[in-house]
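*Asks:* let's see this in three dimensions:
(4 chains)
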2 protein chains.
Amino acid sequence: MNGPTVHDVAKTAQVSLATVDRVLNGRGGVSAKAVAKVKAAVAQTGYVRNLAAANLSRRRVYRFCFVVPSGDTGFVALLRAALERERDKLIEEQILIQITSTRAFDVADQVAALRQLDCDAVAIMASEAPEIQEEVSRLRAAGVRVITLVADLPQFNREAYVGLDNVAAGRTAAEFMGRYVQKAGAILMIAGSLSARDHSERLMGFRRVMQERYSHLTLLPAVEGNDDADTVAQLVTEAADTQSLVGIYAIGAGNRGLVDAIKKTGIKPITIAHELTPEARERLRDGTIDLVLDQDTSAAIASAVNIMRSLTEGRDLPTDAGKIRLNIYNRENIL
Amino acid sequence: MNGPTVHDVAKTAQVSLATVDRVLNGRGGVSAKAVAKVKAAVAQTGYVRNLAAANLSRRRVYRFCFVVPSGDTGFVALLRAALERERDKLIEEQILIQITSTRAFDVADQVAALRQLDCDAVAIMASEAPEIQEEVSRLRAAGVRVITLVADLPQFNREAYVGLDNVAAGRTAAEFMGRYVQKAGAILMIAGSLSARDHSERLMGFRRVMQERYSHLTLLPAVEGNDDADTVAQLVTEAADTQSLVGIYAIGAGNRGLVDAIKKTGIKPITIAHELTPEARERLRDGTIDLVLDQDTSAAIASAVNIMRSLTEGRDLPTDAGKIRLNIYNRENIL
DNA sequence: AAACTTTTGATTGACGTACCTCAATTCGCG
DNA sequence: CGCGAATTGAGGTACGTCAATCAAAAGTTT
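*Replies:* Modelled structure (predicted):
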């Protein structure tokens, strides 16, 4: 009834269990002939390793860290919530997740967080600073596998990136913007920070498609909202006063300010925002926001854990590892 | 270094291992006091069951079947490919996936397929016929857990449905259609079969939103393409000849015919289709199709397997089990 | 042929849980 | 108190793999 075991393989290969083990686990010291016999027996019996038994036997405990900015609103809140949900599931599989909070944009704090890590692999969502880059190098030298999360840091020697293709996200947003906007006018792009790589990449993609295919719309210079509602409100109000605003592409947080300004000025631009926060969900429903582009935090975390496990086990990654799907929501498909 | 085990729980609870086991696995015959002691000890020690050890010990082998229509093109091809990919991964976890092909729309063949099943749970994608419903009842009576895949059959006593919310999918399509279409005119809706529940649900959702919010567009009566390219081409050509066609909502397969007809008649309607087949991908790229709504086959299968496992283990399902996300693709976010 | 190196076999003990049996103890109740 | 019933304890076996050890066998070199 049950599948074949190593014993069956040994029997059909007519070698000892020890030899089968040596072949299967690449321990070396086996003649080519024996290797061939074992491989043939594996193929013949259809042997597949029992993962549960393997995990149990090697009693490996994975210790993974996630270093993410603190903050209890918007996207990071979603991320942390998903992280805690995943953690509970993963304990059963002997995967221990440690979550470390850092103050956003506080490089010293982030460096400190990285320095006191004690784990097999880290997923970091951090600023792009030389001090952090240096700390990452130190970690890598100490044998810790490092991947970046949500915002890539390509020049760091991270081993993988888990998150959106942000250029593609920006391009997608632009395509929808071009299709949705019905009359000529100006498009406002609000980023959280122009120096944040993910935001600038989205901007780049957005801008490029608008120029390629929707050049009848005027692109206003991109502005920085600093993920702050008041700043965002101010920027939107200003733009609405001086321009005929037909579209807003809101990257990053601070959408509350956006919504307030739209209400106050009485304009009705096509609004595309990022991240399906509870706030954004509400605005989709009432029509203030037309589209939300979202990266699935659960999927990102699951992918990050998989990659960290592969890396710690020394396996190499599939080329598409870490690619996170871009989820698109309009008022009709908010789950 | 390692986490606490049942032995640790027994020690801190000051009961025997047997009692801990009885509590943890709900075998009954334990006093309330002992239960409390064990639970407290679990909480205190932070004990979490080692899944690998549990699986190994109970040496449970899950045998799940997928009954899906044959056909090497379009959506079912995607589904089968995903199924085979997943299968290889799942063998390691002692989950055996058997894939049974049936001729689409051939009820007798599907009944025969169901009759010769031998497994713990089945996921079926089948026609809505009383004979099949009866066969499902027989399976359920024999202790086989049955779920429906992609197309729900609510009146069957299936235990779960894995797939899209097709009404919401239709509504979403309509929302995009209303936004994309710039001038007044007629919208053509092509279903594969009007008697297929998934198709009719999508139609219903689509129609409703068009009437609610985009009533300036004329909805032509829905037509049946029978997933056949020639039929679809014929229908599109006819509509284009008699109407000012500004939009096409293509549910189901046969998009090759759709594309041919669009090219031949020289019209340029907004086209929204379902399922990201290689063909659809190509048409998104060249602009013939404007949007594709897709259900992620891998996600659906993973979800189905999870649900089948939960069911066979007698656990109850979370309320949102089986909900599959609707993926939306335009020319910029095809992966 | 002796002295080696390399390859193989046989065996053993974990890993942590599930599940079973049998005896011992406690409990409830008349 | 004594009876049966309910509860508890002690102990064992099995799951399949990993990771050793040590001795035996085969192969190679001088």
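*Asks:* the residue in the stretch 151-300 of chain A positioned nearest to DNA strand D: what's it in contact with?
*Replies:* Residue nearest to DNA strand D within the stretch 151-300 of chain A (CB to the nearest atom of the strand): A:E159, separated by 22.3 Å. Bear in mind the C-beta positions are built from the backbone N, C-alpha and C, glycine included. Neighbouring residues of A:E159 by CB atoms under 8 Å, 6 or more residues apart in numbering or on different chains: A:R145, A:V146, A:I147, A:L311.
*Asks:* reformat those as a markdown table; add distance to chain B and pLDDT.
*Replies:* Converted to a markdown table, those look like this (distance: CB to the nearest CB, whole Å; pLDDT from 0 to 100):
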| residue | distance to chain B | pLDDT |
| --- | --- | --- |
| A:R145 | 20 | 94 |
| A:V146 | 23 | 95 |
| A:I147 | 20 | 95 |
| A:L311 | 18 | 91 |
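*Asks:* what is the nearest of those residues to DNA strand D?
*Replies:* The shortest gap between DNA strand D and any of the contacts of A:E159 belongs to A:L311, at 17.0 Å (CB to the nearest atom of the strand).
*Asks:* now name the helix or strand holding the closest one.
*Replies:* Counting by DSSP states H and E, the element that carries A:L311 is helix A:297-312.
*Asks:* now that helix: buried residues?
*Replies:* A:297, A:299-305, A:307-312 (16 or more other CB atoms under 10 Å in any protein chain shown).
*Asks:* what about the helices in chain A?
*Replies:* With DSSP state H as the criterion, chain A has helices at A:6-13, A:17-24, A:32-45, A:51-58, A:74-91, A:107-115, A:130-141, A:166-180, A:197-213, A:229-242, A:255-265, A:278-286, A:297-312.
*Asks:* can you lay out the ones you listed as JSON lines showing distance to B:V6?
*Replies:* Formatted as JSON lines, the helices of chain A follow (distance: least, CB to CB, whole Å):
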{"stretch": "helix A:6-13", "distance to B:V6": "27"}
{"stretch": "helix A:17-24", "distance to B:V6": "29"}
{"stretch": "helix A:32-45", "distance to B:V6": "34"}
{"stretch": "helix A:51-58", "distance to B:V6": "14"}
{"stretch": "helix A:74-91", "distance to B:V6": "15"}
{"stretch": "helix A:107-115", "distance to B:V6": "35"}
{"stretch": "helix A:130-141", "distance to B:V6": "36"}
{"stretch": "helix A:166-180", "distance to B:V6": "47"}
{"stretch": "helix A:197-213", "distance to B:V6": "45"}
{"stretch": "helix A:229-242", "distance to B:V6": "51"}
{"stretch": "helix A:255-265", "distance to B:V6": "49"}
{"stretch": "helix A:278-286", "distance to B:V6": "40"}
{"stretch": "helix A:297-312", "distance to B:V6": "26"}
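*Asks:* hang on, the earlier thing: so which of the buried residues of helix A:297-312 reach DNA strand D?
*Replies:* Among the buried residues of helix A:297-312, no residue lies close to DNA strand D (CB under 7 Å from any atom of the strand).
*Asks:* in CSV: the contacts of A:E159, plus distance to A:I99.
*Replies:* Shown next, in CSV, are the contacts of A:E159 (distance: CB to CB, whole Å):
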residue, distance to A:I99
A:R145, 17
A:V146, 16
A:I147, 15
A:L311, 19
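*Asks:* could you report the neighbour count for the residue nearest to A:E135 when sequence neighbours are not counted?
*Replies:* Leaving aside its sequence neighbours, A:E135 sits nearest to A:L114 (CB to CB, 6 or more residues apart in numbering or on different chains; 4.5 Å). Number of residues near A:L114 (other CB atoms under 10 Å in any protein chain shown) recorded here: 24.
*Asks:* cool, A:E134 as well?
*Replies:* 13.
*Asks:* returning to that earlier point: give me the contacts around the helix holding A:L311.
*Replies:* Identification of contacts with helix A:297-312 by CB under 8 Å, 6+ apart yields A:62, A:64, A:66, A:78-79, A:81-83, A:85-86, A:90, A:95, A:97, A:120-121, A:123, A:145, A:147, A:149-150, A:159-160, A:162-163, A:316-317, A:321-322, A:324-325.
*Asks:* dump it to PDB, restricted to CA.
*Replies:* Taking Å, rounded to 0.1, in the frame of the first residue of the first chain, the C-alpha atoms of helix A:297-312 are listed here in PDB:
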ATOM      1  CA  THR A 297       1.800  40.100   1.500                       C
ATOM      2  CA  SER A 298       1.100  36.500   2.400                       C
ATOM      3  CA  ALA A 299       2.400  35.300  -0.900                       C
ATOM      4  CA  ALA A 300       5.500  37.400  -0.500                       C
ATOM      5  CA  ILE A 301       6.200  36.000   2.900                       C
ATOM      6  CA  ALA A 302       5.600  32.400   1.800                       C
ATOM      7  CA  SER A 303       7.900  33.000  -1.100                       C
ATOM      8  CA  ALA A 304      10.500  34.500   1.100                       C
ATOM      9  CA  VAL A 305      10.400  31.600   3.500                       C
ATOM     10  CA  ASN A 306      10.700  29.100   0.600                       C
ATOM     11  CA  ILE A 307      13.700  30.900  -0.800                       C
ATOM     12  CA  MET A 308      15.400  31.200   2.500                       C
ATOM     13  CA  ARG A 309      14.900  27.500   3.100                       C
ATOM     14  CA  SER A 310      16.300  26.700  -0.400                       C
ATOM     15  CA  LEU A 311      19.300  28.900   0.300                       C
ATOM     16  CA  THR A 312      20.000  27.400   3.700                       C
END
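*Asks:* what would the buried residues of helix A:297-312 look like in TSV with distance to A:G257?
*Replies:* Compiled in TSV, the buried residues of helix A:297-312 are given as follows (distance: CB to CB, whole Å):
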residue	distance to A:G257
A:T297	23
A:A299	29
A:A300	26
A:I301	29
A:A302	32
A:S303	32
A:A304	31
A:V305	35
A:I307	36
A:M308	36
A:R309	40
A:S310	41
A:L311	40
A:T312	42
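*Asks:* pull the most distant pair out of these.
*Replies:* A:T297 and A:T312 (22.3 Å; CB to CB).
*Asks:* which residues touch the residue nearest the centre of chain A?
*Replies:* Chain A has A:G163 as the residue nearest its centroid, 2.7 Å off, counting by CA atoms, centre = their mean. Residues in contact with A:G163, defined by CB under 8 Å, 6+ apart, are A:T148, A:L149, A:V150, A:A151, A:D152, A:D198, A:Q295, A:A300, A:G322, A:I324.
*Asks:* and stretch A:140-153, which residues are buried?
*Replies:* Neighbour counts over stretch A:140-153 (16+ other CB under 10 Å) mark A:R140, A:V144, A:R145, A:V146, A:I147, A:T148, A:L149, A:V150, A:A151, A:D152, A:L153 as buried.
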